[in-house]
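Visitor: sequence and predicted structure are below.
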Amino acid sequence: MSALAMILADSAAAREGDRSARGRLAILALSALLLAVAAVSVATGASDASVLGVLKALAGLSEPNALSVRDRLIVLEIRAPRIVLGALVGAALAVSGALMQGLFRNPLADPGIVGVSAGAGLGAITFIVLGGTVLAPVTALFGIYALPMAAFLGGLVSTLALYRIATRRGQTSVATMLLAGIALGALANAMSGVLIYHADDRQLRDLTFWSLGSLGGSTWAKVAAAGPIIVVALAATPFLSRGLNALALGEASARHLGISVQAVKNVAIVAVAAATGAAVAVSGGIGFVGIVVPHLLRLIIGPDHRYLLPASALLGASLLLLADAVSRTIVAPAELPIGIVTAFFGAPFFLWVLLRRRGLLDL
Amino acid sequence: MIEARQVSVAINRKPILRDLDIQAPPGQLTAIVGPNGSGKSTLVKALSGDLAYDGQITINGGDLAAMRPAQAALWRAVLPQSTTMSFPFTVGEVVRLGMTGGRSGALLGAQDDLPARALDKVDLSGFSGRLYQELSGGEQQRVQLARVLCQVWAPVLEGRPRYLLLDEPVSSLDIKHQLIVMKIAREFTARGGGVVAVLHDLNLSAAYADRMIVMRKGRIAAAGSPGQIMESRLLSDVFECPLDVGALPPATIPFVLPQAAASS
């Protein structure tokens, strides 16, 4: 059967309410959306650099001149890494949210809300402040990967602590999870505060901008540092979808169905910590992507993780690129930290989800 | 055969089950009855491998404690008392989860219509596209039974029997569906599988079970055929209230007897 025939068959099935057909179509549509958003992103910005000109120059169709050299620099060394990094971070944050929600069996779990990002931030700040002195040997050993690794460790410790605290005998309490998340986040932020207090002026400026969340200053080096970690974490998710679907029945029933629940939990927790850690390390505190994206998708394609996880990666990447476009243009030629943009849209969304579910939660 | 030898379970150091010996042979429906808090559900949890226990539990001769979840899932399916789903899954999606397990999933892969047939069995045909969360408690319980049936659709696999462990399968069902569920259990045993069911209704147990195990305070108070167990003194003693067992109740009290029970 040709690809087109498959799409037609799926759209017919989707109209009849087959949600897995709808899931496949959504993934296709979201892939197209991501390509479109990336194309628009690379073509727009504070400078009027011409993408077409750059592509022509690259292909050898036009003679390089002074203008096209500048454009080339802007497109290839400023915009392109920023778009690649933005897409990776968006995918990482959205998938982390979907994984945590599946793991905690709750649509309100999100690395930003339950303190995992704060833990990753503590790891990153520890490295930024101490990386040149106390932790210099670590820097020497891991090079560009040292910062994302530090954030990964911070995120891993908070995820593990949260899971231990919020889960008893396979049952996760929503209230405990959210409250423990607040406490863990506050603790991580307090420890970060102590470190920031000891930071010098240059580090302080870095830290302030970083903590608001920003894709500014994206370089291919940052892509190289965070990219592989995020890609590996994303690559693990297809192996988790069956287990996370079964987990929706509860841990005992998932085990009865033949799922090695502990293995699913371990892989999910490490994947969340790695994806969140790498994202936080290169872009700071960008919130709410992990809660908005999976929630929207569940409304459309349902909660089956086989489709939800890849769709979350695609939509998360697209939405973050859109938010980045807003952050770059709304106060041009300056730019607003992207974390402020996502919070402006995400926080009201989170409240809306809470209100809708108020009756279902034991809060 | 599912067999428990000298099984004890303690939760928070409080002993719940003490030195139980139980045999649930294939081809038979074994009913577990007893007052609240006597350890019935704990027993099912231990047999399902959910709780740490002392002693030994075997399924078809294999040690349960040494089985990986995927192995155990091949030979037995477990219906919990109630199941809340954390996300808005449809009924069809929930039932299909029964085909999740590694090998049992692969074995069933070709039978795409299994969820629909299972839903038909529990009298929920046409419910496939409905949202699980919007069903009544009794309907949800039947959806879960359909999921469990999908997991062990063939009662005998590679010449070896498979088992259903049912924890109060009829507790939230109306009388029609109680009978449907008990008939499904009987059919499963008739085709060579084994069923262990925790039941509250003594009459239902007597009508459908091959063997009854009466629990009291974490021990087995009595075990035997319904004829041996349905005995006034024994039941009055175990349930701590005066009970009369008779072929028919006194004429002054109106009663309803399911016809299916009388004819089986």
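Guide: Right, received. Where do you want to start?
Visitor: can you give me the helices in the stretch 101-250 of chain A?
Guide: Listed in chain order, the helices found in the stretch 101-250 of chain A under DSSP state H, counting those that start in this stretch are A:116-130, A:136-142, A:146-166, A:174-197, A:201-212, A:220-236, A:241-247.
Visitor: please point out which parts of the third one sit buried.
Guide: Within helix A:146-166, the residues that count as buried by 16 or more other C-beta atoms under 10 Å in any protein chain shown are A:146-163, A:165-166. Placement of C-beta: from N, CA and C, glycine included.
Visitor: cool, and the longest one?
Guide: Of the residues in helix A:174-197, those scored as buried under the neighbour-count criterion (16+ other C-beta under 10 Å) are A:174, A:177-178, A:180-181, A:184-185, A:187-189, A:191-192, A:195-196.
Visitor: that helix vs chain B: in contact?
Guide: No. With C-beta under 8 Å from any C-beta of the partner chain as the criterion, chain B is not reached by helix A:174-197; the gap is at least 9.9 Å.
Visitor: show me how far that helix is from its chain's centre.
Guide: How far helix A:174-197 lies from its chain's middle: 20 Å, per C-alpha atoms, centre = their mean, to the nearest Å.
Visitor: helices or strands up against that helix?
Guide: Contact analysis of helix A:174-197 by 3 or more C-beta pairs under 8 Å, 6 or more residues apart in numbering or on different chains; DSSP states H and E lists helix A:116-130, helix A:146-166 as its packing neighbours.
Visitor: one more: the fifth one?
Guide: Taking 3+ C-beta pairs under 8 Å, 6+ apart as the contact definition, the neighbouring helices and strands of helix A:201-212 are helix A:116-130.
Visitor: and the angle for the helix it packs on with helix A:201-212?
Guide: Calculated by axes from the mean of the first three to the mean of the last three C-alpha atoms, to 10 degrees, helix A:116-130 forms an angle of 170 degrees with helix A:201-212.
Visitor: so how far is A:Ala233 from the residue nearest to A:Pro111 when sequence neighbours are not counted?
Guide: Residue nearest to A:Pro111 in three dimensions, not counting chain neighbours: A:Thr276, with 4.4 Å by C-beta to C-beta, 6 or more residues apart in numbering or on different chains. Plainly put, A:Thr276 is 9 Å away from A:Ala233 if you go by C-beta to C-beta, to the nearest Å.
Visitor: of these two, give the one with the bigger neighbour count.
Guide: More crowded of A:Thr276 and A:Ala233, by other C-beta atoms under 10 Å in any protein chain shown: A:Thr276, with 36 against 26.
Visitor: now do the SS call for that one.
Guide: Assigned with DSSP: H, G, I helix; E, B strand; the rest coil, A:Thr276 falls in the helix class.
Visitor: pLDDT score for it?
Guide: If you check A:Thr276, the pLDDT there is 91.
Visitor: residue contacts, it?
Guide: Applying C-beta atoms under 8 Å, 6 or more residues apart in numbering or on different chains, we find A:Thr276 in contact with A:92-93, A:96, A:111, A:116-117, A:120, A:151, A:155.
Visitor: hmm, back to that, as JSON lines, the helices of the stretch 101-250 of chain A with mean pLDDT would be great.
Guide: Shown next, in JSON lines, are these (pLDDT from 0 to 100):
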{"stretch": "helix A:116-130", "mean pLDDT": "88"}
{"stretch": "helix A:136-142", "mean pLDDT": "79"}
{"stretch": "helix A:146-166", "mean pLDDT": "87"}
{"stretch": "helix A:174-197", "mean pLDDT": "86"}
{"stretch": "helix A:201-212", "mean pLDDT": "76"}
{"stretch": "helix A:220-236", "mean pLDDT": "92"}
{"stretch": "helix A:241-247", "mean pLDDT": "94"}
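Visitor: same list (the ones you listed) but as JSON lines, adding distance to B:Cys241.
Guide: Below are these laid out as JSON lines (distance: least, C-beta to C-beta, whole Å):
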{"stretch": "helix A:116-130", "distance to B:Cys241": "54"}
{"stretch": "helix A:136-142", "distance to B:Cys241": "71"}
{"stretch": "helix A:146-166", "distance to B:Cys241": "42"}
{"stretch": "helix A:174-197", "distance to B:Cys241": "40"}
{"stretch": "helix A:201-212", "distance to B:Cys241": "67"}
{"stretch": "helix A:220-236", "distance to B:Cys241": "57"}
{"stretch": "helix A:241-247", "distance to B:Cys241": "42"}
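Visitor: and stretch B:4-19, what's buried?
Guide: B:4, B:7, B:9-10, B:16-18.
Visitor: ok, now stretch B:73-86?
Guide: B:73-80, B:83, B:85-86.
Visitor: kindly identify which of those residues also come near chain A.
Guide: Answer for the buried residues of stretch B:73-86 near chain A (C-beta under 8 Å from any C-beta): B:73-74, B:76-78, B:80, B:83, B:85-86.
Visitor: which pair of the residues you listed spans the longest distance?
Guide: B:Leu74 and B:Ser86 (26.0 Å; C-beta to C-beta).
Visitor: doesn't B:Phe127 make contact with B:Pro115?
Guide: No. Using C-beta atoms under 8 Å as the test, B:Pro115 is too far from B:Phe127 to be in contact (10.6 Å).
Visitor: for chain A, list the residues in contact with chain B, please.
Guide: Residues of chain A lying close to chain B (C-beta under 8 Å from any C-beta) are A:17, A:19, A:105-107, A:242, A:245-246, A:248-250, A:252-253, A:255-261, A:298, A:302-304.
Visitor: which among those residues end up buried?
Guide: A:19, A:105-107, A:242, A:245-246, A:248-250, A:252-253, A:255-261, A:298, A:302-304.
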